[in-house]
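Colleague: Structure of the sequence below:
(chains A and B)
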Amino acid sequence: MARVATTVLRPLPQPARRRGAWNGLLIAPTLLFLLAFFVVPYANMVYMSVLYKPPDGPYLRVFTLDNYAQALGDPFYWRILANTFWYALLTTAVTLVLGYPVAYYIARAPTRRRGWLLTLLIAPLLVGVVIRSFGWMIILGRVGLINTVVRWLGGPELPLMYNVFGIIVGLVHVYLPFMALSIAGALQNIPPDLERAARSLGASPWVTFWRVTWPLSLPGVFAGTLLVYVLAVSSYVIPILLGGNNVLVMPIIIVQKLLDAFNWPLGSALSMVLFGLTALGVWGYVKLMNRMLRWTTP
Amino acid sequence: MDDTLALPAAAAARRSPRPPAGRAWLLPLVVGAIYVFLLAPIVIVVLAAFNSGEYLRFPPEGFSLRWFVKAAQHQPFVRAFVYSLRLAVLATLASTVLGTMAALFVVRYARRARDLLRLLLVAPLQFPAILTGIALLIFFYATGLGTRGMRALLVGHTLVALPYVFLTVSTVLVGFDRSLEEAARSLGAGPLVTFWRITLPLIKGGLISGALFAFITSFDQFPISLLLISVGNTTLPIQLFDYLRFSFDPAAAAVSTVSIVLSVIIVVLIERLVGLESIYWGGPR
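Modeller: Reported below is the predicted structural model:
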């Protein structure tokens, strides 16, 4: 009896505090892993981008800005960069237009159906991107599903793949769930009473949407567009498989420089340029949306 | 699969609870069409795999399992499949251990560094995988380690799988009742026994979900593998990618179908355990 009493009465917070020094051991291996294989490699890539590339070897430890001069001085790279950003913008716009109704429908659905809709939305994300591109190749190809139907109807053969259209279809397919989830998260936080109040005060569904729902969902819209844009800028598989060498984007060029031309300094510099310009765009966009959010929410 | 596709739209159209206007059917119809778009390429790959014809043509010429047989006899596919499985299992183990420990620390003990640690732990998910692959490739060569064998691949896969484990385990830890652990401790259980008998069973759902996400992330990983594979050791997505660039027969669809079935099993398991959407909405912000 006495033993039980003493164990129960033992002051509780103390053991936790005494173990405090050992708690750091929980994070140490992960921290070391991330430092060694994430932080250092990225820092090394920045370093690599200012090293000299001799004609006969990967690099020399000599400081130079030649790689940046090459990356920024060649109109070819600028054209590729412009294409990359343009496709990413297009993808973002289309995913927004398609993702919003999906998000709205999910956010307003009864719980059970919402679970189903979410599962079907997220499940495609767990299928490999090569397989999904393959699926689009079967649908969009010259003897693919759509062209077979069109030909059966007597129409001409449509160029659906190995061009910009094919890439945008593939990119939209991959990034649509991210957009829809971001917006649905914001929409769920809006009390339905607000919409009902607007309607009962005589606003039409259209006015209710533009004056109440849309402004309140803007945080989700901004988060979703930002996420999709950043992901789309760096996509590689889909432009290669669905663009079929007819459409070039920056990640394809960078991988070529690294793997085929073995030019690590230039490849690193090009990565930095892509990264830097994307970050610049994101920075401007965040400034803009902060101003808009302040403007729409009192 | 087609029935489930049509279900949300059709069901909603039939019994929409409170029609605000005469066009209540429009939204479910649009959403239904977008879901068809989302699932179409996956369904079509599965259909193509069971096609008995020589080429991927429409309409399919009949039902057959011959392409599965052909894929199973194609050595590069089999070897790549086994290699991908081994790699995914190892990457899952590594990322689950590292991610769980990190989540325990960040949720419970981190004070000032909490936000910074969270940013760092989720960063591999937010940095473009192709750039991470490039950075790792240069790093492994510059340090003289090289990318021979599985080492570099394993590091890369563990890196991108880690955030998923961290997020799912953090989610269950946030709602964790610590008095249960304190009770065990006060009743004389040591820290290890407490962890094994109390903590682990309670965070099991988040842990297994995280491990499943980690597994499928590694199994389907493309950009990092592309940069870090070594000669003679190819993963399944890379093998499939190479195959698709030169030939276009239904054997590739059969291989893809096997991979899709794996994904479906994992989706169902995660759904049963914690719900698939927890990874997006339940994660610590």
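
Colleague: need the helices for the stretch 1-150 of chain A, in chain order.
Modeller: Shown for the stretch 1-150 of chain A, the helices assigned by DSSP state H, counting those that start in this stretch span residues A:2-9, A:13-18, A:20-34, A:40-48, A:66-73, A:75-108, A:111-122, A:129-140, A:145-152.

Colleague: Now tabulate these in a markdown table and tack on mean pLDDT, mean neighbour count and distance to A:P251.
Modeller: (Glycine included, C-beta is placed from N, CA and C.) What follows is these, written out as a markdown table (pLDDT from 0 to 100; neighbours: other CB atoms under 10 Å in any protein chain shown; distance: least, CB to CB, whole Å):
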| stretch | mean pLDDT | mean neighbour count | distance to A:P251 |
| --- | --- | --- | --- |
| helix A:2-9 | 43 | 9 | 61 |
| helix A:13-18 | 47 | 11 | 48 |
| helix A:20-34 | 88 | 15 | 23 |
| helix A:40-48 | 95 | 19 | 14 |
| helix A:66-73 | 91 | 17 | 14 |
| helix A:75-108 | 95 | 19 | 8 |
| helix A:111-122 | 88 | 17 | 25 |
| helix A:129-140 | 92 | 24 | 13 |
| helix A:145-152 | 89 | 15 | 27 |
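
Colleague: between those helices, which gets nearest to chain B?
Modeller: Chain B lies closest, by CB to the nearest CB, to one member of those: helix A:129-140, at 2.6 Å.

Colleague: Run the angle between that closest one and helix A:145-152 for me.
Modeller: Interaxial angle of helix A:129-140 relative to helix A:145-152 (axes from the mean of the first three to the mean of the last three CA atoms, to 10 degrees): 0 degrees.

Colleague: Identify the residues contacting helix A:129-140?
Modeller: In this structure, residues lying in contact with helix A:129-140 by CB atoms under 8 Å, 6 or more residues apart in numbering or on different chains are A:124, A:144-147, A:160-161, A:166, A:169-170, A:173-174, A:237-238, A:241-242, B:40-45, B:48, B:56, B:220, B:222, B:237, B:240-241, B:244, B:248, B:252-253, B:256, B:259-260.

Colleague: Could you tell me which of the residues you listed belong to helices?
Modeller: Under the assignment DSSP state H, those contribute A:145-147, A:166, A:169-170, A:173-174, A:237-238, A:241-242, B:40-45, B:48, B:220, B:237, B:240-241, B:244, B:252-253, B:256, B:259-260 to helices.

Colleague: From the residues you listed, list the buried ones, please.
Modeller: A:145, A:147, A:166, A:169-170, A:173-174, A:237-238, A:241-242, B:40-42, B:44-45, B:48, B:220, B:237, B:240-241, B:244, B:252-253, B:256, B:259-260 (16 or more other CB atoms under 10 Å in any protein chain shown).

Colleague: Contact partners for the closest residue to chain A within chain B?
Modeller: Among the residues of chain B, B:P41 lies closest to chain A, at 2.6 Å counting by CB to the nearest CB. Applying CB under 8 Å, 6+ apart, we find B:P41 in contact with A:132-136, A:138-139, A:173.

Colleague: Quick one: name the residues of the stretch 151-298 of chain A near chain B.
Modeller: Taking CB under 8 Å from any CB of the partner chain as the contact definition, the stretch 151-298 of chain A meets chain B at A:173, A:176-177, A:181, A:185, A:199, A:205, A:230-231, A:233-237, A:241, A:251, A:254-255, A:258-259, A:264, A:267-268, A:271, A:275.
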